[in-house]
Every structure is written in structure tokens, then in C-alpha cells.
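Q: Give me a model of this one.
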Amino acid sequence: MLQLIVLSVAIGVAALKVGEAAEPFLGFVRSALAIVQKVLWWVILLAPLGTVGLIGNAVASYGWESLGSLGVFAGAVYAGLALVLFVVYPVLLRLHGLSPLRWFAGAWPAIQLAFVSRSSIGTLPVTERVTEQNLGVPRSYASFAVPLGATTKMDGCAAIYPALAAIFVAQFFGVDLALTDYLLIVLVSVIGSAATAGTTGAVVMLTLTLSTLGLPLAGVGLLLAVDPILDMGRTAVNVAGQALVPTIVARREGILDVERYNSTSTVDPLARVEERSGVDADLRRPEPAAV
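A: Below is the predicted model of the structure:
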């Protein structure tokens, strides 16, 4: 992974140094980006159909009773995510003398994109821009802290979800958990939240948690039925935390642009991407060429 990142940076620098001769290559990259964005839009459109299929498979395998249990589990997960996003985060902001409403207004473009894209890594460029342009974090620090948080700040996927999922699987299969098991869940969740990938991290963490506790891995297949629905909320909380921590640290270190943070005008980074790439705001669909 590190080699690919270094190679990508080297190619980008080389393209800038070459200048006009690199225009055909840059044009190819822009076209490839437009194609990838179109494919991602199709994936987002088809995701509900995949979710229905997974739910149907769970009902066929475990019976209609499982559907009600999965509904309760999904409600519990979203309650935990809401507790972190709308209670814990605002309290932390208040403790550092920052307005939660202004923070939500500035970070909202990244949070909503994370909700529909279900990818912390995919949302990373937008998260970095809102952290810098709307929340007043210096670019020199935001460019380091936000990418770091994209792989170490996974409150939704690696902390809240695996813990609740492990308890649900244990209850579903009739396995009694001791106090030591609950402490082990806490330990695995805390460690996992700092070492989870920005894509597919929740499933990996769930498998790790169930294996550590000796719970049936069949629970992973059961929870996959509602995973796309839960992943939207998990990713939104992940990205919110990735914008929150740099803001708080910048505030504590005295480098936060408080005037920009408190400004009532916010920049929509998605609109700026649209201006540069020539695509419209409908999830970046390419505009038809003039005849």
C-alpha cells in the first residue's frame, strides 16, 4: 500500500514537471475519474437491491423471527451512533469553547457524502477540504491529521458496531457472556478502532471480535443482511470524528482560525470539485457534450 502511495505521488509530481506534454495523460486521468464516478453512482443505485437480497437470504436461512431481531439490532446500532455524534462530540466541542452548531454546519458536506458513499477513504478529499476551509484548521496540519484519522479514527465501524454485534450474535445463538467477555469486547473494540482500514473495516473487525470471543462466525453472514444500511451511519460517524479531532487539537494548540470557524458562510467542497472537473451536482454525473 505504501509503495502504491509513493508511486502515485511520484507520477503526479512528474506530470506537473513535464508540463504541456503531460496534457494527454491528464486528460486520460480526468476521463477515468468520470467513468469511476459513474460506476460508483450505479453501485449506490443498486445497493438497495443487494440489501433486499441479503435480507431475503437471512430470512430463508434463519426464519422470519430473525428479521425482527435484526431490526432491533439495527435500531440499537443507530442509537449508539446517534449518541456519539449528537451527544459525545458536541460535549467535547463545548469543553473546548467551540460551537457544535457551527461545527456541524462546516463538517456536514463530508458527513453526508460519507453517509451515501459508505467509504471513509472515498470521502477523504472532501473531509480534508471542509476541515481546512470551513472549520479553520491550518492546511499544514489538516493534510496530516485527516488522512491519519481515516485509518485510526473509526468510532462507528470499529468501536460501536463490533461491540453491539458481538452481544447480538451471542444472544441470537444462545451463548452466555461473562464479565470477562464484556471486558474483552471493550479491549478489542478500542484497539480495533485505531487499526481498521477505511474500506470493509467493519466486517474484518466483526470477524476478529467474534473469533476472539469464540462466538459462531455464522453471525457474520446473518448481520450482512443489514450491513449496507448500518454502514451508512457507521461511515458518517467515522468521518465526523475525523473532522472533529483535528479541530479540537488545533484549538488546544492555538492554531485554529476561530474567525473562519465561527463564520456563517461555509464553502461547499463538492461544488468546487464540480467546477474543476466539469461535472454536475447530481452525484457528479458527466454533463452531455454539446452537439
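
Q: Contacts only, for Leu210.
A: Counting by Cβ atoms under 8 Å, 6 or more residues apart in numbering, Leu210 touches 165-166, 169, 216-217, 219-220. Bear in mind the C-beta positions are built from the backbone N, C-alpha and C, glycine included.

Q: my read: Leu206 touches Ile160, true?
A: No: using Cβ atoms under 8 Å, Leu206 is not in contact with Ile160, being 11.6 Å away.

Q: residue ranges with poor pLDDT in the stretch 101-250 of the chain?
A: Where the stretch 101-250 of the chain drops to pLDDT under 70, the residues are 192-204.

Q: Pick out whichever of the contacts of Leu210 sits closest to Met154.
A: Ala165 (14.1 Å; Cβ to Cβ).

Q: residues near that closest one, how many?
A: Ala165 has 26 neighbours, counted by other Cβ atoms under 10 Å.

Q: for the helix or strand where it lies, which positions count as buried?
A: Assigned by DSSP states H and E, Ala165 falls within helix 161-172. Going by neighbour count (16 or more other Cβ atoms under 10 Å), the buried part of helix 161-172 is 161-170, 172.

Q: Stretch 103-115 now?
A: For stretch 103-115, by 16+ other Cβ under 10 Å, it's 103-111, 113-115.

Q: coming back round to it: distance to Val18 for the buried residues of helix 161-172 - can I get that in a markdown table?
A: Formatted as a markdown table, the buried residues of helix 161-172 follow (distance: Cβ to Cβ, whole Å):
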| residue | distance to Val18 |
| --- | --- |
| Tyr161 | 45 |
| Pro162 | 47 |
| Ala163 | 51 |
| Leu164 | 52 |
| Ala165 | 50 |
| Ala166 | 52 |
| Ile167 | 56 |
| Phe168 | 55 |
| Val169 | 54 |
| Ala170 | 58 |
| Phe172 | 58 |
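
Q: Among those, which one lies nearest to Tyr261?
A: Taking Cβ to Cβ as the measure, Tyr261 lies nearest Tyr161 of the buried residues of helix 161-172, at 30.3 Å.
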